[in-house]
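*Asks:* the following comprises the amino acid sequence and a computationally predicted model.
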Amino acid sequence: MAIIVVQTEINATLEKVWKIISDIDNEPKFWKGTKEVKTLSTEGDIIKREITIAFRDQKCLQEIQLNPKKTIKAKFTKGILDGTKIITLTPKTNSVILETSWDIKLSGMMNMFTGVIKNHIKSGTEQAMESIKREIEK
């Protein structure tokens, strides 16, 4: 498994940060590795969706759990990716720490390439977090 953790501090209120990151249909705007998202169903606090990732336009299924103003947990349930992406908010006095942690691998025979994509995912995550920070602080 590839473990990746990226964090940034955003000078804004918890409410403002949550408003942007919890709009999960807007994910492709910030996360360039996500080309398209399509919600399939919502059951309680679980959102099931199909995403198209930039890696060879592969489709993956995810289950998203929103824990308001605290976390967004995305579990990959089918497709080339296996594992989780968790976005966590930690409020401070005048800012919020935004952290994204991945525990991910490529599934099946592609597993041998997990190490190769780790740096790509880390770089994409850093870019997404910076893009989110710019959007919120503007």
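*Replies:* That came through, no problem. Numbering: from 1, shown residues only.
*Asks:* find me the pLDDT at the residue nearest to Glu135 when sequence neighbours are not counted, would you?
*Replies:* Closest residue in space to Glu135, ignoring its immediate chain neighbours: Ile20 at 6.1 Å, by C-beta to C-beta, 6 or more residues apart in numbering. Using the backbone N, CA and C atoms, a C-beta is placed for each residue, glycine as well. Among the per-residue scores, Ile20 shows a pLDDT of 97.
*Asks:* likewise Ser131?
*Replies:* At Ser131, pLDDT is 97.
*Asks:* in the helix or strand encompassing it, which residues are buried?
*Replies:* In this structure, Ser131 sits in helix 114-137 according to DSSP states H and E. Neighbour-count burial for helix 114-137 flags Thr114, Ile117, Lys118, Ile121, Lys122, Gly124, Thr125, Ala128, Met129, Ile132, Lys133, Ile136 (criterion: 16 or more other C-beta atoms under 10 Å).
*Asks:* what sits against the third one?
*Replies:* In this structure, Lys118 makes contact with Ala2, Ile4, judged by C-beta atoms under 8 Å, 6 or more residues apart in numbering.
*Asks:* hmm, back to that, so the residue nearest to Glu135 lies in a helix, does it not?
*Replies:* Yes. Remark: Ile20 belongs to a helix, assigned using DSSP: H, G, I helix; E, B strand; the rest coil.
*Asks:* distance check, it against Ile97.
*Replies:* As judged by C-beta to C-beta, to the nearest Å, Ile20 and Ile97 stand 15 Å apart.
*Asks:* looking at the two, which is more packed in?
*Replies:* Counted by other C-beta atoms under 10 Å, Ile20 and Ile97 do not tie: Ile20 has more neighbours, with 17 against 14.
*Asks:* report the helix or strand with the lowest average pLDDT across the protein.
*Replies:* Here the helix or strand of the chain ranked lowest by mean pLDDT, DSSP states H and E is helix 114-137, holding a mean of 93.
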